[in-house]
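Student: requesting a structural model of the entry that follows:
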Amino acid sequence: MKKLLFLFLLVCSFGAFSQSVTITHNGITPNQGGVQKLTYDQIRQLPNPQEGDLAYDLTFNCLRHYNGTEWLCVTQENSLIPNAAIVKLLTSSSVEPTGLELDSQENIIIMGVFNGTINFGTTSLTSINSDMFLAKYDKHGNEIWALQEGENSDSQVFPSQIAIDNADNIYVSGSFWGRAQFGINVYVAAVVDMFLVKYNSSGVTQFTKRYVSGDGVKITGLSVDIAQNIYSCGSFNSTITLGTSTFTNSDTEEDAFVIRHNSDGNLAWSNQVIYTNEKANVLLTSDLIGNLYFCVNHIREVSFLSTSYFSSGGADFKLFKLNNAGALVWVESINGSGNQTVQRIQSYGSKVGVVGTFGSSFTFLNQSISSLSSTLTDHSFILQFNGTNRSLLWQTIIHSSSFQGDYALDHDALGNAYIGLVYSSNIEAEPFFFQSINSSTDISFLKFSGSSGEILEAKSIGGIGIDALRGIQIRTANGKVFLASKHYDSSLFIGTEKIPKDASAIIVLD
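Tutor: This is a model prediction of the structure:
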């Protein structure tokens, strides 16, 4: 209401004192005599704008003011605000969702960590320290079942990756320390060890796997193919034992691993990525027939499958395609003038989608991709390529004053790509523009054409505080977007419902 009143008074003041406006080398004159209607490019090219100058942006349909450094949007079209509803609300501040999936019946599976007593609907769970929760809801938010993994005050269980197969079995992987129980199996980790658990659609444990690390392990990727083979990757500090193989990191930072389990949970193969004095950063996705796309972000030399690879001077990444036996099919690089980092990767059919950040420009599959002339400092890309013939299908650039590091990626049955990302201040994704309130962090969603990369739809939600994206899944039957979110600093209204401060929610967007 305050915002509407401000805009009303602003418009009235312009009408009462309207006069001709001239664009000169000193900016817009007179300063408050009227509002020019210009394209975004024309506004950016205004010579010597003065603080307080106003112009209406015909490209992004918003009123902009010049703050002495950049042209900022004062208003934003209501069409960018999504139709949204809260499916499930978890009000305890001790709940941290870490992932979300949908099964074939549109049931929602959410996982995370919690302590204290949490009510998930009909089930209440209690944790003394930090345990894992896994809960299943129908599409209306009614609890089907909920469970926890962990044991007592001496343990911490952190689930970081979740996947679901074509039979609605659920796979969760992560790390734990202390004494922890998964199903009927009890493990004791002296430091931080890795776990992998398979559940059926009723939440009954099918198998559990535990791998011992010498000084901590982090799981960063999990994927399942049509034969229910399970692929995962992560990083470790000193050593990790995977089946009969023990991998050792020889420096003070981290190395990485990639492994495959058969459908029965037995380890099929494992490989090590040797980094050179830097933090390991790896991701993966698999297609239905078991081809694996394994992404290695790096700054210095890395070695994988007995071959060394180097960066172009900044942060680059190598993309390896492996067959389901772990053999190399091909390798490609993203090289650029700044730092290039992959944030999410997902396959669908023979195509692969990639979301990441970059500096001013980079080259991938023999094509150069540039940030163009944006005055915003942070740049993200989304691209699609054919994994069979390695041809780049399309790419699109998104600009922001500050991306906050939370990204999500999914595709529908037509190959359209959906990304979710967290930002502060503003985002340019032509022809759309977002601006958060008081430079807080908000969540935006973009839909891209699977054939051209054109932005088909853009939405944004957020309050005046910090909003964190924890999981996103697209329901392709009706075009809905499901996400799990955490809202730290302030409450947020979704329709007529309120998400309190420090609460978590499952939200659906039309």
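
Student: where's the spatially closest residue to residue 429 that is not a sequence neighbour, which helix or strand?
Tutor: By the measure of C-beta to C-beta, 6 or more residues apart in numbering, the closest residue to residue 429 outside its immediate chain neighbours is residue 398, 4.7 Å from it. Where C-beta positions appear, they are placed from N, C-alpha and C, glycine not excepted. Element membership of residue 398, judged by DSSP states H and E, is strand 391-411.

Student: report the buried residues of that strand.
Tutor: 393-404, 406-411 (16 or more other C-beta atoms under 10 Å).

Student: run a quick check on the residue nearest to residue 429 versus residue 371, I expect a contact.
Tutor: No: when contacts are counted by C-beta atoms under 8 Å, residue 398 is not listed as touching residue 371 (10.0 Å).

Student: low-scoring pLDDT stretches of the stretch 1-150 of the chain, where are they?
Tutor: 1-34, 40-41, 59-61, 69-70, 73-82 (pLDDT under 70).

Student: burial count for residue 481?
Tutor: The tally of other residues near residue 481 (other C-beta atoms under 10 Å) stands at 22.

Student: wait, is it part of a strand?
Tutor: Yes: using DSSP: H, G, I helix; E, B strand; the rest coil, the assignment for residue 481 is a strand.

Student: okay, the residue most central in space within the chain: pLDDT?
Tutor: With distances taken as C-alpha atoms, centre = their mean, the residue of the chain nearest its centroid is residue 407 (1.8 Å). Taken from the predicted model, the pLDDT recorded for residue 407 is 87.

Student: tell me the contacts of it?
Tutor: Residues in contact with residue 407, defined by C-beta atoms under 8 Å, 6 or more residues apart in numbering, are 343-344, 355, 380, 419-422, 469.

Student: rerun that using 10 Å as the cut-off
Tutor: If you count contacts by C-beta atoms under 10 Å, 6 or more residues apart in numbering, residue 407 has them with 342-344, 355-357, 380, 382, 419-422, 469, 472.

Student: poorly predicted segments of the stretch 401-510 of the chain, please.
Tutor: Within the stretch 401-510 of the chain, the set of residues satisfying pLDDT under 70 comprises 433-439, 475-477, 490, 495-496.

Student: still on that earlier bit, beta partners for the residue nearest to residue 429?
Tutor: The bridge-partner assignment for residue 398, based on DSSP bridges, gives residue 380.

Student: that one is in contact with residue 419, isn't it?
Tutor: Yes: with contact taken as C-beta atoms under 10 Å, residue 398 and residue 419 are classed as touching, separated by 8.3 Å.

Student: tell me, what's touching those two both at once?
Tutor: 355, 380, 382, 429, 444, 446.

Student: for residue 88, state which of the residues you listed is nearest.
Tutor: Of all those, residue 444 has the smallest distance to residue 88: 22.0 Å, by C-beta to C-beta.

Student: tell me how far that closest one lies from residue 410.
Tutor: As defined by C-beta to C-beta, to the nearest Å, residue 444 lies at a distance of 15 Å from residue 410.

Student: again, but for residue 91
Tutor: Relative to residue 410, residue 91 is positioned 27 Å away (C-beta to C-beta).

Student: can you check residue 135 too?
Tutor: Distance, residue 135 to residue 410, using C-beta to C-beta: 20 Å.

Student: show me the strands in the stretch 251-400 of the chain, by range?
Tutor: Per DSSP state E, counting those that start in this stretch, the stretch 251-400 of the chain has strands spanning 255-261, 267-275, 281-286, 292-298, 302-304, 307-309, 316-322, 328-336, 341-348, 351-358, 361-364, 367-370, 378-386, 391-411. These are given in chain order.

Student: the first one: how far from the chain's middle?
Tutor: Relative to its parent chain, strand 255-261 has a centroid offset of 21 Å by C-alpha atoms, centre = their mean, to the nearest Å.

Student: which strand or helix spans residue 42?
Tutor: Residue 42 is part of helix 40-44, with elements assigned from DSSP H and E.

Student: what sits closest to the residue nearest to the centre of the chain if chain neighbours are left out?
Tutor: Residue 407 sits nearest to residue 343 (C-beta to C-beta, 6+ apart), 4.0 Å away.

Student: now swap in residue 462 and tell me
Tutor: Using C-beta to C-beta, 6+ apart and skipping residues adjacent in sequence, the residue nearest residue 462 is residue 442, 2.8 Å away.

Student: quick one, what contacts the one you found?
Tutor: Contacts were defined as C-beta under 10 Å, 6+ apart; by that measure residue 442 touches 404, 421-427, 434-436, 460-467, 492.

Student: let's have the strands of the stretch 251-400 of the chain in CSV, adding distance to residue 180.
Tutor: Below are those laid out as CSV (distance: least, C-beta to C-beta, whole Å):
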stretch, distance to residue 180
strand 255-261, 20
strand 267-275, 20
strand 281-286, 25
strand 292-298, 28
strand 302-304, 31
strand 307-309, 37
strand 316-322, 31
strand 328-336, 36
strand 341-348, 29
strand 351-358, 33
strand 361-364, 41
strand 367-370, 44
strand 378-386, 37
strand 391-411, 27
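
Student: in the sheet, who's paired with the spatially closest residue to residue 149 that is not a sequence neighbour?
Tutor: Closest residue to residue 149 in three dimensions, ignoring its sequence neighbours and counting by C-beta to C-beta, 6+ apart: residue 132, at 4.3 Å. Each beta-bridge partner of residue 132 is listed here, defined by DSSP bridges: residue 113, residue 149.

Student: repeat that for residue 447.
Tutor: residue 418, residue 457.

Student: that's a strand at residue 50, yeah?
Tutor: No: following the definition three-state DSSP, residue 50 is coil and is not counted among the residues of a strand.

Student: wait, it touches residue 68, no?
Tutor: Yes: in this structure residue 50 lies within contact range of residue 68 using C-beta under 10 Å: 8.3 Å.

Student: tell me which of those two has more neighbours.
Tutor: Neighbours per residue (other C-beta under 10 Å) separate residue 50 from residue 68, with residue 50 holding more: 13 against 9.

Student: how close does that one get to residue 35?
Tutor: 15 Å.

Student: hang on, the earlier thing: return the strand holding residue 398 as CSV; C-alpha atoms alone will do.
Tutor: Taking Å, rounded to 0.1, in the frame of the first residue of the first chain, the C-alpha atoms of strand 391-411 are listed here in CSV:
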residue,chain,number,x,y,z
SER,A,391,26.7,-29.5,-30.9
LEU,A,392,25.7,-26.4,-29.0
LEU,A,393,22.0,-25.9,-29.5
TRP,A,394,21.5,-22.5,-27.8
GLN,A,395,22.7,-20.3,-25.0
THR,A,396,21.2,-17.4,-23.0
ILE,A,397,22.8,-14.8,-20.7
ILE,A,398,21.3,-13.5,-17.4
HIS,A,399,22.8,-10.4,-15.6
SER,A,400,22.5,-9.3,-12.0
SER,A,401,24.1,-7.0,-9.5
SER,A,402,24.6,-10.0,-7.2
PHE,A,403,23.8,-13.7,-7.7
GLN,A,404,23.8,-15.4,-4.3
GLY,A,405,24.9,-18.9,-5.3
ASP,A,406,21.7,-20.9,-5.0
TYR,A,407,20.7,-22.4,-8.4
ALA,A,408,18.3,-25.0,-9.6
LEU,A,409,17.6,-26.5,-13.1
ASP,A,410,15.0,-28.8,-14.5
HIS,A,411,13.4,-29.6,-17.9
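
Student: still on that earlier bit, common neighbours of residue 398 and residue 371, please.
Tutor: When contacts are counted by C-beta under 10 Å, 6+ apart, residue 398 and residue 371 are jointly contacted by 378-381.

Student: could you find the lowest-pLDDT member of these?
Tutor: Within those, pLDDT reaches its minimum at residue 378, with 80.

Student: wait, what's in contact with it?
Tutor: Neighbouring residues of residue 378 by C-beta under 10 Å, 6+ apart: 357-359, 371, 398-404, 423-425, 427.
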